[in-house]
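Undergrad: turn this into a model:
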Amino acid sequence: MFPRRTSISFKFWSFLFAILFCVSSLLSLASAGRVNVTIDDTLGDELTGQLISYTPQGAWKLGQSCTDCTAHPDASRAHKGSWHDGTFRNPQLSTLTPELTATVSFDGVAVYVYGITTGTSSSLDSSALLSFFIDDALVGHYVHAPNGDSAYQYDVPLFVSGPLPAGQHVLKIVNGASSVKKSLVLLDYVVYTCVARREQVRELWGG
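TA: Got it, this is the predicted structure:
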């Protein structure tokens, strides 16, 4: 009888442990929430202060104060009143012309890139070819061709990622390629989704 009682006791405690584990997991999920965090083109990550890194040096210009840029959107409609103007020029289609890159790290499960666009081809060439990399893997492109509309469009999603494994990631935006003569990007902000416990959300956002 003793071995049998031991077997029953083992099964009972195993069953109880499984229930407690499931309840604990559900409570953990219930206490967690997803938060969208914005990385401004100039001010950086509103949560960590992480700034976007722009290369080559001097190739990107602060759009709202740029005097020799061809694009002039309404600063009051840009996020925090700023954007970065990146113009890739490669008239000879050379493979030696360096692309423009904007790189930033984040801790999250999704990421989105927003910019300002226009369709004009008279006052400026609004053609664009962007490539997006996450953790050095190519994950998407954005292609924009002028359509004659000179109006500026704001909060335009240039890239939307699929679900990402939770943790640290590096986003790299590449403007231009050896196959194009010109590519213009007006980078406004990046948004990433992170998972935080509700007490952290309340502490961070006062919610």
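Undergrad: next SSE downstream of the lowest-mean-pLDDT helix or strand in the chain?
TA: Lowest by mean pLDDT, DSSP states H and E among the helices and strands of the chain is helix 2-30, with a mean of 41. Following helix 2-30 in sequence order, the next helix or strand is strand 32-40 (DSSP states H and E).
Undergrad: direction included, what does the helix or strand just after that following strand pair against?
TA: The first helix or strand that comes after strand 32-40 along the chain, using DSSP H and E, is strand 44-45. Sheet pairing for strand 44-45, assigned by DSSP bridges, gives strand 32-40 (antiparallel).
Undergrad: show me what the partner strand is in contact with.
TA: 45-47, 50, 52, 79-80, 82, 104, 106, 108-109, 189-198, 201, 204-205 (CB atoms under 8 Å, 6 or more residues apart in numbering). Where C-beta positions appear, they are placed from N, C-alpha and C, glycine not excepted.
Undergrad: quick one: low-confidence ranges for the chain?
TA: Flagging of the chain using pLDDT under 70 yields the residue ranges 1-32, 122-123, 197-207.
Undergrad: other SSEs contacting the longest strand belonging to it?
TA: With DSSP state E setting the assignment, residue counts place strand 182-197 as the longest strand in the chain. On a contact count with 3 or more CB pairs under 8 Å, 6 or more residues apart in numbering; DSSP states H and E, strand 182-197 meets strand 32-40, strand 84-89, strand 100-107, strand 110-118, strand 128-134, strand 152-160, strand 168-175.
Undergrad: output the last one as CSV, nothing but the C-alphas.
TA: Yep, that's strand 168-175 we're talking about. Output of strand 168-175 as CSV, limited to C-alpha atoms (Å, rounded to 0.1, in the frame of the first residue of the first chain):
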residue,chain,number,x,y,z
GLN,A,168,16.8,44.1,-28.0
HIS,A,169,16.8,44.8,-31.7
VAL,A,170,18.6,47.2,-34.1
LEU,A,171,16.7,48.9,-36.8
LYS,A,172,18.7,50.3,-39.8
ILE,A,173,17.1,52.4,-42.5
VAL,A,174,19.1,52.7,-45.7
ASN,A,175,18.3,55.4,-48.2
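Undergrad: how about it: buried residues?
TA: Of all the residues in strand 168-175, those buried under the rule 16 or more other CB atoms under 10 Å are His169, Leu171, Lys172, Ile173, Val174, Asn175.
Undergrad: excluding chain neighbours, give the residue nearest to the fifth one in space.
TA: Nearest in space to Val174, with sequence neighbours left out and distances taken as CB to CB, 6 or more residues apart in numbering, is Ser131 at 4.3 Å.
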